[in-house]
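Enquirer: Sequence plus the predicted model coming up.
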Amino acid sequence: MLEIDNLHAKVAEDDTEILRGLSLKVGPGEVHAIMGPNGSGKSTLSYILAGKEDYDVTDGSITYKGEDLLEMEPDERAAAGVFLAFQYPIEIPGVGTMTFLKTAMNAQRRARGEPELTTPDFMRQVRELAGALNITPDMLKRPLNVGFSGGEKKRNEILQMALLAPSLCVMDETDSGLDIDALRIVADGVNRMRSPERSIIVITHYQRLLEYIVPDHVHVMSRGRIVKSGGRELALELEENGYAEYVEAA
Amino acid sequence: MMAGAERTRTRTRAEEALARNFAALASDDAVHEMRSQAFDAFMEKGLPHRRVEDWKYTDLRALMSDAPPPASPASPQAAEEALARADVFAGIDRARIVFVNGQFLPALSDLKGLEEDVEFASFGRFLAGGGALLVATDQADEAEAPVLALNGAFVTDGAVLRIREGAKLARPLEIVTVYAGAEPGLQTLRHQVSVGDGAEAVILQSYVGPDDVAYHTNAVTDVRIGKGAKVKWVKAQEEGNKAVHLGLDLPRVDADAVFDPFLFAAGSAVARAEIRLIFDGEGASAGIRGATIARGRQHLDTTLIVDHAVPECTSQEFFKAAIDDEAKGVFQGRINVWRDAQKTEGKMMSQALLLSESAEFDNKPELEIFADDVVCGHGATCGQIDEEMLFFMRSRGVPMEEAERLLVHAFLAEAIEEIADEDVIEALEARTRRWLSLASEVR
């Protein structure tokens, strides 16, 4: 599904190097957790996967479904099945949530050469998925994320993920700002999407989320590289001992 | 030196054409006498140019390359076909007064249901009868206002409307101005709208015409808003892409009235929409708003002058413009607060979005305050599309250009949504989506 090889990247504006030789392989159906201290480059990795232009990749490669991901525009990546759930979903005043969802779905369908959804079909899909995420019709009527609480924004991200049905989900600190009930709703939403054809990368600082979204693999990231990989137990170990040894080791 | 040079300067091609066109109107009736005075007043200074402060950013000597002769009447069939384009308010049940090529066409108009409340006559009938209706208003005079002077010289028709005291119009009233035909021509209209005390009305205006025809529109409107009246005044300027549109609205707003104009501008090669508003009585308010979309090499100018001559009036101006390609937008807003106009509230905000490297926007907000107990402020911004929003939308699969257009729509909608009328909001939002080639809204 995804193969990152020796990735080096820096902030385009000031040349600060953030990723220093990161390698990662994610197979179909796998759930990987990437954990690490603040500043280790976790969010940068997620932005580079989604195609944000604020970073320059100076070395290495990212191959997604056999293609060079770095050659693709952000919207092409999305149409090819890459989805980033943002740590801080953006408020977009004046763009209705429903209008945005339909625009995004149909843009992806057009890009893949599929017929566009009719409004009734679209509405039906939204209604089916929104209910389980506790997203009210009233929220859907508002402009995208405007006036949404932190938890509502995160649930809205999961709704978009479910509607767009990506092959690779990258979830950047999805648990931040969630209380325990919201965390459960979000985690259930993600778990419903687990499938043999879909890979999920969960980026998180805390182990807590991984009690709800149980990963197949856990990686520790520090100073722009993956410094240790293991199974579920690695997350528990981190919870116990903290990141100190990895920060020093890197 | 300058003054001497000014007197002997050579006329521009457009001014020569205007002089020829005016000479061809020669007649010995009383109306022509007034036309001549107006035209002489115009020729005294000629087309306004960048050294005339009010026209600094809209130099008509440079922008108006020619002046077409007065338009020929359109055939009934051509008129009807051209009218089909005037569908911006099609979703609203409204009465219509239709002018095609500068002439009132009763067969295409419809005032049903308003007979009790509205008196209407065509200005053309007064002109034909030699009626002396070309009175100068207090807000402008022909010596300093070239649009008014040219209007006085070439006017052919217009709507003379009286809305009865206390009337609540059952449906909005639309004044439709249509250009028909493939030959360039000039249409010149003078409207006089008087809204009685306590009356309530929604008055819509739409301007349409064919693309690729260099026709000109000149429309001057005198507006009297009676005491306590409530009027929404919405203008949709969607002229053809080669048109020159010069509009001048001269509203006087009496005590406790609420007058809310909205200026939507997307058409024309060169357009200026000017409003000069005077508060005549205390406690009145005006919310003047607008949205402009300029592309290609369009030059779209909005100029507002609000005069607070009496105390305790409120004016709010809120304008948004999205400028793309090599287009140019101009916003000039001036709020004058005279010495006696205590307790005035005046707020002005103009925001522009520049969508290309060569797009240009000139933003000139001005406050002139002679009273000491007032709350006034203005702001002006000029920026680009938010990169973070753009990336968010692209990361969901929306291509760059479509994401940009969605954000432009959102930007303009913030002004449109200030109109306190759901039907008008819906009509103008849908129109904005159409100008931006966006699919319709999902609700």
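Expert: Perfect, thanks for sending it.
Enquirer: Just give the closest residue to whichever residue of chain A sits closest to chain B, not the sequence neighbours.
Expert: Nearest to chain B in chain A, going by CB to the nearest CB, is residue A:94, at a distance of 2.6 Å. From N, CA and C alone the C-beta is placed, and that goes for glycine too. Nearest residue to residue A:94, sequence neighbours excluded (CB to CB, 6 or more residues apart in numbering or on different chains): residue B:410, at 2.6 Å.
Enquirer: What's the local residue count around the residue of the stretch 301-443 of chain B found nearest chain A?
Expert: Nearest residue of the stretch 301-443 of chain B to chain A, counting by CB to the nearest CB: residue B:410, 2.6 Å away. By the criterion of other CB atoms under 10 Å in any protein chain shown, residue B:410 has 20 neighbours.
Enquirer: Name the residues of the stretch 1-150 of chain B found near chain A, please.
Expert: Within the stretch 1-150 of chain B, no position lies close to chain A (CB under 8 Å from any CB of the partner chain).
Enquirer: What segments of the stretch 1-150 of chain B are strands?
Expert: Applying DSSP state E, counting those that start in this stretch to the stretch 1-150 of chain B gives strands spanning B:95-100, B:103-104, B:118-122.
Enquirer: quick revisit: the residue of the stretch 301-443 of chain B closest to chain A: what's it in contact with?
Expert: By CB atoms under 8 Å, 6 or more residues apart in numbering or on different chains, residue B:410 lies in contact with A:92-95, A:143.
Enquirer: Just the closest of the residues you listed to residue B:157, please.
Expert: residue A:94 (39.6 Å; CB to CB).
Enquirer: Secondary structure element holding the closest one?
Expert: Taking DSSP states H and E as the criterion, residue A:94 maps to strand A:92-96.
Enquirer: That strand pairs with which strands?
Expert: When pairs are called by DSSP bridges, strand A:92-96 turns out to pair with strand A:143-144 (antiparallel).
Enquirer: Can you give the contact residues for the strand it pairs with?
Expert: A:90-97, A:100, A:156, B:410.
Enquirer: Burial check on the closest residue to residue A:59 other than its chain neighbours, number of neighbours?
Expert: Once flanking residues are discounted, residue A:59 sits nearest to residue A:8: 3.9 Å by CB to CB, 6+ apart. Look at residue A:8: counted by other CB under 10 Å, it has 17 neighbours.
Enquirer: name the element residue A:8 belongs to?
Expert: strand A:2-11.
Enquirer: Any buried residues in that strand, and which?
Expert: A:2-4, A:7-10 (16 or more other CB atoms under 10 Å in any protein chain shown).
Enquirer: Ok, stretch A:232-250 next?
Expert: A:234-235, A:238, A:243, A:246, A:250.
Enquirer: ditto for stretch A:189-209
Expert: Going by 16+ other CB under 10 Å, stretch A:189-209 has these buried residues: A:189-190, A:193, A:198-205, A:207, A:209.
Enquirer: Next, see if it gets close to chain B.
Expert: No. Stretch A:189-209 lies out of reach of chain B by CB under 8 Å from any CB, never closer than 14.7 Å.
Enquirer: circling back to that earlier point, give me whichever of the strands of the stretch 1-150 of chain B is most buried.
Expert: strand B:95-100 (a mean of 24; mean count of other CB atoms under 10 Å in any protein chain shown).
Enquirer: what's the offset of it from the middle of its chain?
Expert: 17 Å (CA atoms, centre = their mean, to the nearest Å).
Enquirer: Contacts for it, please.
Expert: Under CB under 8 Å, 6+ apart, the answer for strand B:95-100 is B:73-74, B:79, B:82-83, B:104-105, B:108-114, B:118, B:120, B:157-159, B:161, B:171-180, B:187, B:189.
Enquirer: thinking again about what came up before, now the contacts of residue B:410 in JSON lines, with pLDDT?
Expert: Converted to JSON lines, those look like this (pLDDT from 0 to 100):
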{"residue": "A:92", "pLDDT": "94"}
{"residue": "A:93", "pLDDT": "90"}
{"residue": "A:94", "pLDDT": "88"}
{"residue": "A:95", "pLDDT": "92"}
{"residue": "A:143", "pLDDT": "93"}
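Enquirer: Got a quick ChimeraX command for the buried subset of those residues?
Expert: Buried residues within the contacts of residue B:410, by 16+ other CB under 10 Å, are selected in ChimeraX with:
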select /A:92,93,94,95,143
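Enquirer: Same list (the contacts of residue B:410) but as CSV, adding distance to residue B:393.
Expert: Formatted as CSV, these follow (distance: CB to CB, whole Å):
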residue, distance to residue B:393
A:92, 7
A:93, 13
A:94, 12
A:95, 8
A:143, 13
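Enquirer: which stretches of chain B have low pLDDT?
Expert: Applying pLDDT under 70 to chain B picks out residues B:1-8, B:130-138, B:443.
Enquirer: Quick one: the helices in it, in order.
Expert: B:2-8, B:13-23, B:30-45, B:60-63, B:76-83, B:123-128, B:146-154, B:387-395, B:400-416, B:422-435 (DSSP state H).
Enquirer: again with chain A
Expert: Secondary structure of chain A (DSSP H): helices at A:42-50, A:74-79, A:97-111, A:119-132, A:137-141, A:150-164, A:180-192, A:208-212, A:232-241, A:244-249.
Enquirer: for these, which one sits closest to residue B:394?
Expert: Nearest to residue B:394 among those is helix A:74-79; the distance by CB to CB comes to 3.9 Å.
Enquirer: circling back to that earlier point, what pairs with the strand holding residue A:8, parallel or antiparallel?
Expert: Here strand A:2-11 is paired, per DSSP bridges, with strand A:17-26 (antiparallel), strand A:55-64 (antiparallel).
Enquirer: Return the most buried member of those.
Expert: Most buried among the strands paired with strand A:2-11, counting by mean count of other CB under 10 Å: strand A:17-26, with a mean of 18.
Enquirer: Using PDB, write out the CA atom coordinates for it.
Expert: Only the C-alpha atoms of strand A:17-26 are listed here, as PDB (Å, rounded to 0.1, in the frame of the first residue of the first chain):
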ATOM      1  CA  GLU A  17      15.200  19.800   8.500                       C
ATOM      2  CA  ILE A  18      12.300  17.900  10.000                       C
ATOM      3  CA  LEU A  19      12.400  14.400   8.600                       C
ATOM      4  CA  ARG A  20      15.800  12.800   8.500                       C
ATOM      5  CA  GLY A  21      15.700   9.400   6.800                       C
ATOM      6  CA  LEU A  22      12.300   8.100   7.700                       C
ATOM      7  CA  SER A  23      11.400   4.700   6.400                       C
ATOM      8  CA  LEU A  24       8.000   2.900   6.800                       C
ATOM      9  CA  LYS A  25       6.100   0.100   5.100                       C
ATOM     10  CA  VAL A  26       2.400  -0.200   5.500                       C
END
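Enquirer: Mean pLDDT per helix and strand in chain A: which one sits at the bottom?
Expert: When the helices and strands of chain A are scored by mean pLDDT, DSSP states H and E, helix A:244-249 comes last with a mean of 72.
Enquirer: What sits closest to the residue in the stretch 151-300 of chain B positioned nearest to chain A if chain neighbours are left out?
Expert: With CB to the nearest CB, the shortest gap between the stretch 151-300 of chain B and chain A falls at residue B:291, namely 11.8 Å. What sits nearest to residue B:291 in space, not counting adjacent residues and going by CB to CB, 6+ apart, is residue B:412, at 4.3 Å.
Enquirer: hang on, isn't the one you found packed against residue B:323?
Expert: No. Judged on CB atoms under 8 Å, residue B:412 makes no contact with residue B:323 at a distance of 11.5 Å.
Enquirer: out of those two, which sits in the busier spot?
Expert: residue B:412 (28 against 25).
Enquirer: Kindly report the residues of chain A close to chain B.
Expert: Going by CB under 8 Å from any CB, the residues of chain A near chain B are A:50-53, A:73-75, A:77-79, A:83-84, A:86, A:89-90, A:92-96, A:98-108, A:111, A:119, A:122-123, A:141, A:143, A:160, A:164.
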